[in-house]
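> predicted model, plus sequence, below.
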Number of protein chains: 2
Amino acid sequence: MAADIPSDHRISRRISTGRIDLNVRETGSGPLMLFFHGITANSAVFTPMMAKLSSRFTTIAVDQRGHGLSDKPGSGYEASDYADDIAALIRTLDRGPAILVGHSLGSRNSVTAAARYPELVRSVVAMDFTPYIETEVFDALEARVNAGNQLFPDVKAVETYLAGRYPNIPVDAIKIRAESGYERVDGGLRPLASPEAMAQTAKGLRADLTPAYREVTRPVLIVRGQESKLVSAAALAKTSQLRPDLPVVVVPGADHYVNEVAPEITLRAIVNFIDA
Amino acid sequence: MAADIPSDHRISRRISTGRIDLNVRETGSGPLMLFFHGITANSAVFTPMMAKLSSRFTTIAVDQRGHGLSDKPGSGYEASDYADDIAALIRTLDRGPAILVGHSLGSRNSVTAAARYPELVRSVVAMDFTPYIETEVFDALEARVNAGNQLFPDVKAVETYLAGRYPNIPVDAIKIRAESGYERVDGGLRPLASPEAMAQTAKGLRADLTPAYREVTRPVLIVRGQESKLVSAAALAKTSQLRPDLPVVVVPGADHYVNEVAPEITLRAIVNFIDA
């Protein structure tokens, strides 16, 4: 395991994939491991985990379309749009197949990419997003996502808002979200994530994910936070019925935000899976 | 995946490890994958699965001490004795680290070997044996094991006995057990497995397995049959509390004998895990 060298979440660069320009954060060397964040977040949320993996992997976290400093087209926020971005990125990097580590939206996108482009994907760590998520869970998620579209007077106000929205995420990880996810505008700070893109993305999350899970042939590790309000125990059980061969890790004490709330267990689960 | 070439369960050879001579069945080429059977069984139970893995792996199934055609010392049937045999075998083969696939007793032995000799083991598929198995479950197992020490008039009688003892194992797999696990003696057929070794081994299964699970650093995939009477849902849940980072596959419709009852799902789970 790498020494605890922080990967600076403030350093990023843009990659032109041909179909879209994506902002990424990169550190380390070795096999390619790509990270895809959840809705409204950005690549910086993975920098603590990347620092611990950088001695063994080329870790690259991506601001997905509509998020962070990446391109924000006016439309095109379905699973296939995000997955095609992943494929274009791996082809541009020209060093696949890649290990995909995705959280929430990023998990949905990673499994979709693996199902559509098995030749580009080595395996997927699919954190806290499965098929069979209930309609009322999506309703609550959509309301939370759209409520994030605010003007904040300063970073402290952002941190207070985020700490309320994510009560189990530790202070350091909240700080990373606050520092990386907002831009200065007249009158204060606004989310970098495009409100229109977030609204479309939230709607798109409701699409049936069973075909991608049924079809994916690459190895997928399903990770669920034991206290997740997004992936219920029932949704996970149905997913395991659909694909009984896919291994499952349930992270005790973690809610939906497994990698930020329980980074040590999540890290060990990822390394175990990749080293098998 | 390999074509469905049967690995002939009647062909085996002996390997001298220095500490013990072990009878093995081998097929295929590629990274080393070793198979360890449950109590009273032998290496032949894995031949159908080995045939499907032989295009990608050097698969070697082992008659463990006291079983099949391997040496049967008068004593020495604790976890450490079996695990030290595994280490000696991998050293003798001189092509480790090995992937260990173990069922029941073989699962206990494989995890113990991985904990004691991490440098010799790449990863473990641990099928239907965990810490926290209840005392009454061991009582029932010990009674079943000791009841197998019988003289059978012919192979049909053996098959009838085995079909009653393993009601969910398909006919073809029962036939393999019947043909591979018995020797002709005056008056009929007797188990190849030594009754004294079985009695000691059954007692040894009761030893606390939590230290090995706590200490093991190599990747372990925990596989449980959803209808297993050996590993209860409660024992699995406690094991996941002990090692929340270890991935779990629960095989629907399978009892304790996951690889014989549900070979397709078991095979896909193993390949997924190894390919990640």
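Yep, that arrived.
> which ones are touching the closest residue to chain B within the stretch 51-200 of chain A?
Using C-beta to the nearest C-beta, residue A:123 is the residue of the stretch 51-200 of chain A that sits closest to chain B, at 4.1 Å. Placement of C-beta: from N, CA and C, glycine included. By C-beta atoms under 8 Å, 6 or more residues apart in numbering or on different chains, residue A:123 lies in contact with A:99-100, A:114, A:218-221, A:273-274, B:275-276.
> for it, helix, strand, or coil?
Per DSSP: H, G, I helix; E, B strand; the rest coil, the secondary structure class of residue A:123 is strand.
> coming back round to it: are any of the contacts of residue A:123 buried, and which?
A:99-100, A:114, A:218-221, A:273-274, B:276 (16 or more other C-beta atoms under 10 Å in any protein chain shown).
> who in the stretch 151-276 of chain A is up against chain B?
Contacts of the stretch 151-276 of chain A with chain B, taken as C-beta under 8 Å from any C-beta of the partner chain, map to A:218-221, A:240-241, A:244-252, A:265, A:268-269, A:271-276.
> what about chain A, any weak spots by pLDDT?
Within chain A, the ranges that satisfy pLDDT under 70 run A:1-7.
> between the buried ones among the contacts of residue A:123, which is nearest residue A:70?
In terms of C-beta to C-beta, no member of the buried ones among the contacts of residue A:123 lies closer to residue A:70 than residue A:100, at 16.9 Å.
> the closest one - that's part of a strand, no?
Yes: assigned with three-state DSSP, residue A:100 falls within a strand.
> report the beta-bridge partners for it.
Counting by DSSP bridges, residue A:100 is bridged to residue A:34, residue A:124.
> ok, and the closest non-adjacent residue to residue A:122?
Excluding the flanking residues, the one nearest residue A:122 by C-beta to C-beta, 6 or more residues apart in numbering or on different chains is residue A:97, at 4.2 Å.
> please read the previous query as pertaining to residue A:166.
Residue nearest to residue A:166 in three dimensions, not counting chain neighbours: residue A:257, with 6.0 Å by C-beta to C-beta, 6+ apart.
> check contacts around the one you found.
By C-beta under 8 Å, 6+ apart, the contact list for residue A:257 reads A:38, A:103, A:128, A:166, A:168-169, A:225.
> narrow the residues you listed to those in strands?
Secondary structure from DSSP state E places A:103, A:225 of the contacts of residue A:257 in strands.
> got a winner among the contacts of residue A:257 for most neighbours?
Neighbour counts for the contacts of residue A:257 (other C-beta atoms under 10 Å in any protein chain shown) peak at residue A:103, which has 28 neighbours.
> I'd say that one and residue A:109 touch.
No: Residue A:103 is not in contact with residue A:109 according to C-beta atoms under 8 Å; the separation is 10.1 Å.
> shared neighbours of the two, which are they?
Common neighbours of residue A:103 and residue A:109 (criterion: C-beta under 8 Å, 6+ apart): residue A:36.
> helices along the stretch 151-276 of chain A, start to end?
In the stretch 151-276 of chain A, the segments counted as helices under DSSP state H, counting those that start in this stretch are A:155-165, A:171-180, A:195-204, A:210-215, A:233-242, A:258-261, A:263-275.
> which of the ones you listed sits most buried?
Highest mean neighbour count of those: helix A:258-261, a mean of 26 (counted as mean count of other C-beta atoms under 10 Å in any protein chain shown).
> three-state assignment of residue A:22?
Here residue A:22 is recorded as strand under three-state DSSP.
> how many neighbours does it have?
Around residue A:22 there are 26 residues (other C-beta under 10 Å).
> ok, now residue A:206?
Other residues close to residue A:206 by other C-beta under 10 Å number 14.
> ok, it touching residue A:136?
No: taking contacts as C-beta under 8 Å, residue A:206 lies outside contact range of residue A:136: 11.5 Å.
> and the nearest residue to residue A:197 once chain neighbours are set aside, what does it touch?
Spatial nearest neighbour of residue A:197, chain neighbours left out: residue A:66 (2.8 Å); criterion: C-beta to C-beta, 6+ apart. Residue A:66 sits next to A:72-73, A:77, A:193-194, A:197-198, A:200-201 when contact means C-beta under 8 Å, 6+ apart.
> if we go to 7 Å?
For residue A:66, the contacting residues are A:72, A:77, A:193-194, A:197-198, A:201, by C-beta atoms under 7 Å, 6 or more residues apart in numbering or on different chains.
> name the SS class of it, please.
Secondary structure for residue A:66, judged by three-state DSSP, is coil.
> again, but for the one 10 residues further on
Here residue A:76 takes the coil state, with states given by three-state DSSP.
> how many neighbours does it have?
Using other C-beta under 10 Å, residue A:76 is surrounded by 17 other residues.
> contacting residues for residue A:259?
A:49, A:103, A:127, A:266.
> mind checking how far the third one is from residue A:251?
Note on residue A:127: its distance to residue A:251, by C-beta to C-beta, to the nearest Å, is 9 Å.
> and if you look at the last one?
Per C-beta to C-beta, residue A:266 is found 6 Å from residue A:251.
> can you work out which residues contact both of these two?
Taking C-beta under 7 Å, 6+ apart as the criterion, residue A:266 and residue A:251 both touch A:223, A:258.
> could you look up the SS state of the residue nearest to residue A:19 when sequence neighbours are not counted?
Nearest residue to residue A:19, sequence neighbours excluded (C-beta to C-beta, 6+ apart): residue A:88, at 4.9 Å. Using three-state DSSP, the structure places residue A:88 in helix.
> sorry, back to before: so which of the helices of the stretch 151-276 of chain A comes closest to residue A:23?
In terms of C-beta to C-beta, the element of these nearest to residue A:23 is helix A:171-180, at 10.5 Å.
> give me the contacts around that closest one.
A:9, A:41-42, A:44-45, A:47, A:155, A:158-159, A:162-163, A:166, A:260.
> next one: it to chain centre, how far?
Centroid separation between helix A:171-180 and its chain, computed with C-alpha atoms, centre = their mean, to the nearest Å, is 15 Å.
> what's the angle from that helix to helix A:155-165?
Here helix A:171-180 runs at an angle of 130 degrees relative to helix A:155-165 (axes from the mean of the first three to the mean of the last three C-alpha atoms, to 10 degrees).
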